[in-house]
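Visitor: model the following, please.
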Amino acid sequence: MPDRPLKVLIAKPGLDGHDRGAKVLARGLRDEGFEVVYTGLRQTPEMVVTAALQEDVDVVGLSILSGAHMTLVPKVCRLLREQGIDDVLVVVGGIIPDDDVAALKEAGVAATFGPGTTIGEVAEFLRSNAKPRG
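Guide: Residues are numbered from 1 along each chain as shown. Alright, predicted model coming up:
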């Protein structure tokens with residue numbers, strides 16, 4: 001385990017106004033011992049990446065229910081690479097059709113989590129796959 005808890009940014013990119021799941025995940029991950037930063041609703045990809053840089057996070061978790069994941073997620077991944085923080089683990093939760101998962105992984109997403117995924121499952125994946133940056 002690192003000297004500090006893994007730091008996770010939970011972001012709601014795009015115009016999706018449904019944030020209950022993101023808030024539940026943020027609280028649940030805090031209960032699991034993670035440090036969590038929640039950006040709030042209607043974040044642009046640029047805002048997400050700026051927050052990831054400023055907060056020096058180990059994980060960027062994107063919550064999308066709007067169907068815009070094939071536009072927003074690859075852009076976030078590209079901007080992270082352009083900013084030199086391609087060592088951040090990117091995960092996506094929400095309504096992601098199975099047919100889109102391979103393209104998201106190709107863009108840089110480590111995992112997708114759909115409805116019914118438990119906080120414990122997400123926490124275990126992050127502990128097993130995130131690398132502390134600091």
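
Visitor: pLDDT weak spots in this protein?
Guide: Within the chain, the stretches with pLDDT under 70 are 1-2, 134.

Visitor: run through the helices of it in chain order.
Guide: Taking DSSP state H, the helices of the chain run over residues 20-31, 45-55, 69-82, 98-107, 119-129.

Visitor: what sits against the residue most central in space within the chain?
Guide: Residue closest to the average C-alpha location in the chain (C-alpha atoms, centre = their mean): Gly61, at 0.9 Å. Contacts for Gly61 (C-beta atoms under 8 Å, 6 or more residues apart in numbering) come out as 8-11, 25, 90-93. (Glycine included, C-beta is placed from N, CA and C.)

Visitor: got it, and Ala111?
Guide: Here Ala111 is in contact with 91-92, 125, 129 (criterion: C-beta under 8 Å, 6+ apart).

Visitor: swap the cut-off to 6 Å and go again
Guide: Neighbour list for Ala111: 91, 125 [criterion: C-beta atoms under 6 Å, 6 or more residues apart in numbering].

Visitor: so which of the helices of the chain gets nearest Tyr38?
Guide: Smallest distance to Tyr38 across those (C-beta to C-beta): 4.6 Å, for helix 20-31.

Visitor: can I get stretch 28-46 as CSV, trimmed to CA atoms?
Guide: The C-alpha trace of stretch 28-46 is given here as CSV (Å, rounded to 0.1, in the frame of the first residue of the first chain):
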residue,chain,number,x,y,z
GLY,A,28,-18.5,4.7,-0.8
LEU,A,29,-14.9,5.0,-1.9
ARG,A,30,-14.2,7.4,1.0
ASP,A,31,-15.6,4.8,3.3
GLU,A,32,-13.2,2.3,1.6
GLY,A,33,-10.2,4.5,2.5
PHE,A,34,-9.7,6.4,-0.7
GLU,A,35,-9.3,10.2,-1.0
VAL,A,36,-12.1,11.4,-3.3
VAL,A,37,-12.6,14.6,-5.2
TYR,A,38,-16.0,15.1,-6.8
THR,A,39,-16.2,17.7,-9.6
GLY,A,40,-20.0,18.1,-9.7
LEU,A,41,-22.2,18.2,-12.8
ARG,A,42,-21.7,19.4,-16.4
GLN,A,43,-17.9,19.3,-16.6
THR,A,44,-16.1,19.7,-19.9
PRO,A,45,-13.3,17.3,-20.8
GLU,A,46,-10.9,20.3,-20.3
